[in-house]
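K.L.:
Test case, fold it:
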Amino acid sequence: MEASQAKKSPVILQVSAGARKYAGSVFLKKLIEGAAEIYPEIPIVFHLDHGEDFEICKDCIDNGFTSVMIDGSKHPFEENIALTKKVVDYAHSKGVVVEGELGKLEGMEDDVKVAVGEGSYTDPDQAKEFVEKTGVDSLAVAIGTSHGAYKFPLETQPELDFARCGKIAELVKIPLVLHGASSVLQDFVAEINSYGGEVKGSQGVPEDMITEASKHGVAKVNIDTDIRLAMTASMRKNLNEDTENFDVRKPLGAARDAVKKMVEHKIDILGSGNRI
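P.N.:
Okay, here's the model as predicted:
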């Protein structure tokens, strides 16, 4: 929120399934309500990421979320349509918007696990049918990104299928969403490893590719790993350099500053600054 204020950027605050289990939905809701009270000038979307079933989405809608994602990508096409439409019908009756997903991203994020070789790119024609039959407000697509820190082997050149992305955008005419879009900035990986970490062989999506994706219909970009890396690097550095300290506010305060800088950087990359 401090970064959004500094950059005058709207913000989507996403809550993953893992975050809800770790922190509890009530605590998270109150944190975001507090953020809205402290920063009334910043437009905030309170979003559920990777809702796995109707009940989770309904619970979040009933408890103040303004946007939910129903991830039916693990199901066969027709089942995904039926599940997504059920969530859309309920959400729209409450004034809440819905993100759906078609295609499978490889990698791991909380309970979302797709093994290498088992992912599938989003088919443009299927995407058109999916959007028409479900009425979703945005669509998460698979064009080559993946969840987690280990997206591409270091010796390979990352590639995203921008032509596919553009074709989907042309057919569905709603905003597209890019999951697994952290860049895994190597300076932070190196800092973590220099202080005893073992984050090795990791490569993310180059930031210029994220900017390029925005020219092909992508309007929402999910970034998590880069924020975790910034926080972890700061924590490891602080704890290693100040070994006598046992006041957790010091390393956590430094980590919060590192997260703020990372978010400000991402706002610049995404071009969402100076919008309020």
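
K.L.:
Low-confidence ranges, the chain, go.
P.N.:
106-119, 147-153 (pLDDT under 70).

K.L.:
ok, now with 50
P.N.:
107-109, 112-118 (pLDDT under 50).

K.L.:
What is the longest strand of it by residue count?
P.N.:
strand 44-51 (DSSP state E).

K.L.:
And for the closest residue to G273 other than its chain neighbours, the neighbour number?
P.N.:
Once flanking residues are discounted, G273 sits nearest to K7: 4.1 Å by C-beta to C-beta, 6 or more residues apart in numbering. For glycine as for every other residue, the C-beta is placed from the backbone atoms N, C-alpha and C. The tally of other residues near K7 (other C-beta atoms under 10 Å) stands at 19.

K.L.:
ok, now the one 10 residues further on?
P.N.:
Taking other C-beta under 10 Å as the neighbour definition, A17 ends up with a count of 18.

K.L.:
Helices of the stretch 51-200 of the chain, start to end?
P.N.:
Counting by DSSP state H, counting those that start in this stretch, the segments of the stretch 51-200 of the chain that form helices are 54-62, 77-93, 124-134, 162-172, 186-194.

K.L.:
Pull the number of nearby residues for the residue lying closest to V87 once chain neighbours are set aside.
P.N.:
Of all residues not flanking V87 in the chain, I70 sits nearest, at 4.2 Å (C-beta to C-beta, 6+ apart). Other residues within reach of I70 by the criterion other C-beta under 10 Å amount to 27.

K.L.:
Likewise for A233?
P.N.:
By the criterion of other C-beta under 10 Å, A233 has 25 neighbours.

K.L.:
contacting residues for it?
P.N.:
F188, E191, I192, Y195, A258 (C-beta atoms under 8 Å, 6 or more residues apart in numbering).

K.L.:
Not counting residues beside it along the chain, what's closest to it?
P.N.:
Using C-beta to C-beta, 6+ apart, the nearest residue to A233 is E191, at 4.2 Å.

K.L.:
measure K261 to T134 for me?
P.N.:
39 Å (C-beta to C-beta, to the nearest Å).

K.L.:
wouldn't D125 be in contact with L171 here?
P.N.:
Yes: the pair D125 and L171 passes the contact test of C-beta atoms under 8 Å, sitting 7.3 Å apart.

K.L.:
Would you mind measuring from the residue nearest to G273 to G271?
P.N.:
To G271, K7 is 11 Å away according to C-beta to C-beta.

K.L.:
repeat for C60
P.N.:
Taken as C-beta to C-beta, the span from C60 to G271 is 28 Å.

K.L.:
likewise S93?
P.N.:
34 Å.

K.L.:
neighbour-wise, which of these two wins?
P.N.:
More neighbours sit around G271 than around the other of S93 and G271, counting by other C-beta under 10 Å; the figures are 12 against 9.

K.L.:
who's in contact with that one?
P.N.:
Neighbours of G271 in contact, by C-beta under 8 Å, 6+ apart: T211, S214.

K.L.:
and with 7 Å instead?
P.N.:
When contacts are counted by C-beta atoms under 7 Å, 6 or more residues apart in numbering, G271 touches S214.

K.L.:
rewinding a little: make CSV from the contacts of A233 and add distance to F246 and neighbour count to it.
P.N.:
As requested, the contacts of A233 are exported to CSV (distance: C-beta to C-beta, whole Å; neighbours: other C-beta atoms under 10 Å):
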residue, distance to F246, neighbour count
F188, 25, 23
E191, 22, 20
I192, 22, 21
Y195, 18, 16
A258, 20, 22
